[in-house]
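S.K.: next come a sequence and a model predicted from it.
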Amino acid sequence: MSPQRDLDLVRDANRRGGGASAAAAAETASHRRVYTPTLVARRPQERRRVSSVLRSAGLEIGEAEFAEALAQVLMVTQRPDSVDPATYLDQDQIDLLESAGLDMRPLGPQEIDRQFAAATSGQAALLAASLTVKEAAQLLNVDSEALLRQIDERELLAFRWQEDLRVPDFQFEDGGVVEGLADVFRCIPQGVEPLTLWRWFVEPNDALDEIDPISPVDWLRSGGDESRLCDLAATLLVV
């Protein structure tokens, strides 16, 4: 099971009742997971510095902060010894994916390392760009119980990391929540992976502006109509 499954969205299915909170509703995560690389076409990648990659993704985090988060992810994520698509796909599925340009041969050690690094670095970036419940509550000048109610009611997004809830910091601006975010959150299909959703919000999207792509969260900050984002959010994949 991928460690990304530990990053489950806390959804309104976990409504508070009988004194239960969103934090209590989150099951305790196991302490070590085996990562299964995503099947992707092999393409050469330009070498870039970590700092430039973080800046291009709109992340206001430093290399040291990112490295610390990556260390946390690696502590609970096990690199697989081998990855062979034939062990979990039938031949028809393999043929279909190959026709789409994917290389379905068993992965060699270097390719496993590359995909493992890509997946764990994404999780580390999300972890580094998030706050604890206490930190988020202090930022909004509310208590933790009030913040958990906002999470339960899908006014804020949160994900589970190990035994704790984390709140991505892209949601906040000037001591409050970015206007219109809650409406967009409610348009998002249930079951979208938190890492996928976080990237969708913070990375430039040419569907909003082909000439000068803008991220969905910056679209809202600039006064963009949230209904446009709702249309785009409906296409997010549920896994």
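M.R.: The structure has been received and is ready for your questions.
S.K.: quick check: closest non-adjacent residue to Val167.
M.R.: Ala136 (4.2 Å; C-beta to C-beta, 6 or more residues apart in numbering). The C-beta positions use only the backbone N, C-alpha and C, and glycine is treated the same way.
S.K.: what's near enough to touch that neighbour?
M.R.: Leu147, Leu156, Val167, Asp169, Phe172 (C-beta atoms under 8 Å, 6 or more residues apart in numbering).
S.K.: got CSV for these, with secondary structure too?
M.R.: Shown next, in CSV, are the contacts of Ala136 (DSSP: H, G, I helix; E, B strand; the rest coil):
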residue, secondary structure
Leu147, helix
Leu156, coil
Val167, strand
Asp169, helix
Phe172, strand
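S.K.: so how far is Leu157 from the residue nearest to Val167?
M.R.: Distance check for Ala136 against Leu157: by C-beta to C-beta, to the nearest Å, it reads 11 Å.
S.K.: now do Asp206
M.R.: In terms of C-beta to C-beta, Asp206 sits 23 Å off from Leu157.
S.K.: higher neighbour count, those two?
M.R.: Leu157 (25 against 10; other C-beta atoms under 10 Å).
S.K.: hang on, the earlier thing: element containing the residue nearest to Val167?
M.R.: helix 133-140 (DSSP states H and E).
S.K.: what's around Gly108, how many residues?
M.R.: 11.
S.K.: quick check: Leu165 touching Val133?
M.R.: Yes. Taking contacts as C-beta atoms under 8 Å, Leu165 lies within contact range of Val133: 5.3 Å.
S.K.: for these two, indicate the residue with more neighbours.
M.R.: Leu165 (23 against 20).
S.K.: burial of the residue nearest to the more buried one when sequence neighbours are not counted, as a residue count?
M.R.: Using C-beta to C-beta, 6+ apart and skipping the chain neighbours, the partner closest in space to Leu165 is Ala158 (4.8 Å). Per other C-beta under 10 Å, the neighbour tally for Ala158 reads 29.
S.K.: again with Ala233
M.R.: 20.
S.K.: any stretches of the protein with poor pLDDT?
M.R.: Scanning the chain for pLDDT under 70 picks out 1-61, 69, 73, 75-76, 237-239.
S.K.: hmm, 80 instead?
M.R.: Where the chain drops to pLDDT under 80, the residues are 1-82, 112-122, 234-239.
S.K.: can you show me the helices along it?
M.R.: Taking DSSP state H to define them, one finds helices in the chain at 22-25, 50-56, 63-75, 91-99, 109-128, 133-140, 144-152, 181-185, 194-202, 216-221, 226-233.
S.K.: kindly check the end-to-end length of stretch 177-192 for me.
M.R.: Using C-alpha to C-alpha, to the nearest Å, the end-to-end distance of stretch 177-192 comes out at 21 Å.
S.K.: so which residue is dead centre in the chain?
M.R.: Leu195 (1.2 Å; C-alpha atoms, centre = their mean).
S.K.: brilliant, that's me finished.
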